[in-house]
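Enquirer: Provided below for reference: sequence and predicted model.
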Amino acid sequence: MQPMGDRSAIAEGKRTDGPPRRHVPRENRERTEVSGLMQCEYATPQEVVVRDISQFGVGATTHGQLPDIGEHVCITLATGDELRGQVRWTDGQAFGLHLESAFDLGRLQHINRLRSRLLADPAETAQRDDNRG
């Protein structure tokens, strides 16, 4: 039976099996919704939607076969950008990657602006294009 102090620590979510872990804050994540094509080691290429991205991480969803945890994948975004990384988690149809190299978040902001422009009212977009002339 565990001493009462350990139970309260467990209830509070604290470790009791060793030294406390250093808290590492999550990187800033940018919300997005960009489609792409994922190529896996063990499955055929399939469509995915990247839902959020940080400098070294990606959250995405698929309606196809999920990659395995630990599997290396490459996602080619609709913009042509490639995201290469290792699957760290899966949950339902969602999964997360740890990227092999840093992603430029300024690039993502550009992608999001472009997507917003493309989704805007077509008449407004055409008028802006005519004015640039």
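Expert: That came through, no problem.

Enquirer: which SS state does Arg117 fall under?
Expert: helix (DSSP: H, G, I helix; E, B strand; the rest coil).

Enquirer: how about the helices in the protein?
Expert: All helices of the chain, identified by DSSP state H, fall at 4-11, 105-119, 122-132.

Enquirer: Just give me the lowest mean pLDDT stretch among those helices.
Expert: With a mean of 48, helix 4-11 has the lowest mean pLDDT of the helices of the chain.

Enquirer: count of residues packed around Glu71?
Expert: Per other C-beta atoms under 10 Å, the neighbour tally for Glu71 reads 17. Glycine gets a C-beta too; all of them are placed from N, C-alpha and C.

Enquirer: next one: Gly64
Expert: For Gly64, the count of nearby residues is 14 (other C-beta under 10 Å).

Enquirer: same deal with Ala94?
Expert: 14.

Enquirer: just Thr76 next, same as before
Expert: 16.

Enquirer: Now for it: which residues touch it?
Expert: Gly36, Leu37, Gln39, Glu82, Leu83 (C-beta atoms under 8 Å, 6 or more residues apart in numbering).

Enquirer: got it, and Val58?
Expert: Neighbour list for Val58: Val50, Asp52, Ile75, Leu83, Gly85, Gly96, Leu97, Leu99, Phe103 [criterion: C-beta under 8 Å, 6+ apart].

Enquirer: Those, buried ones only, as a ChimeraX selection?
Expert: Here is the ChimeraX command that picks out the buried ones among the contacts of Val58, judged by 16 or more other C-beta atoms under 10 Å:
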select :50,75,83,85,96,97,99,103
